[in-house]
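>>> got a structure for you, letters missing:
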């Protein structure tokens, strides 16, 4: 049975305001050497606030989904080049047992296909912030009888001082590539926007990994 879609522009706008990244000046020269400390290192991460997912049909019109719990694990390593793959996400969970992701239209479950890549492009030495994206993102979303799949990339920024990885999804980064029984709720080509902050630690410790880019 089809359910009506109501506008969630206000909620989505508030989420975007909470997680939007300020534009930082690019490095004088693109970094080509990426030093991860320690390297290689296994990492685990949990969300520091609600993860907000927006299935965007048209501007300011979509389905807002909130995940109060989310986590991922993977690894980081030093690398060279620009862009450069400095890490992988080996498992990713939206929601948790007893804390599913919810929307005004009910709960949604996510089944990511990993690994994803963590790609670095720019490093600001004055702030210790590295910018890049999560690549090879692929997940299946189930919402009642509706099942759809999204693929693409998510822009990210990593702050060495805090271990904070900010996901700042934008329109067109992740798109619906297939769907079944979704109709106009999640049409092929629609964007799925993820906005969240995660705190990274070396697995099993309180150590915060660092990512530093340089151009020798």
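Perfect, I can see it now. Being a predicted model, the structure only gives us computed values, none of them experimental. Numbers count the residues shown, from 1 in each chain.

>>> show me the contacts for the most centrally placed residue in the chain.
By CA atoms, centre = their mean, the mean C-alpha position of the chain lies nearest to residue 167, the distance being 4.2 Å. When contacts are counted by CB atoms under 8 Å, 6 or more residues apart in numbering, residue 167 is found next to 19, 134, 154, 155, 156, 194, 195, 196, 197, 198. (Each C-beta comes from the backbone N, C-alpha and C, glycine too.)

>>> Write down the beta-bridge partners of it, one by one.
residue 156, residue 196 (DSSP bridges).

>>> how far away is residue 163 from residue 199?
Look at residue 163 and residue 199: by CB to CB, to the nearest Å, they are 5 Å apart.

>>> immediately after the helix or strand bottoming out on mean pLDDT in the chain, which helix or strand?
Least confident helix or strand of the chain, by mean pLDDT, DSSP states H and E, is helix 9-19 with a mean of 37. Next helix or strand after helix 9-19 toward the C-terminus (DSSP states H and E): strand 33-37.

>>> hang on, residue 184 in a helix?
Yes - under DSSP: H, G, I helix; E, B strand; the rest coil, residue 184 falls within a helix.

>>> How much space separates it from residue 57?
7 Å.

>>> ok, the two, which is more surrounded?
residue 57 (18 against 9; other CB atoms under 10 Å).

>>> which residues touch the more buried one?
5, 63, 184, 187, 190.
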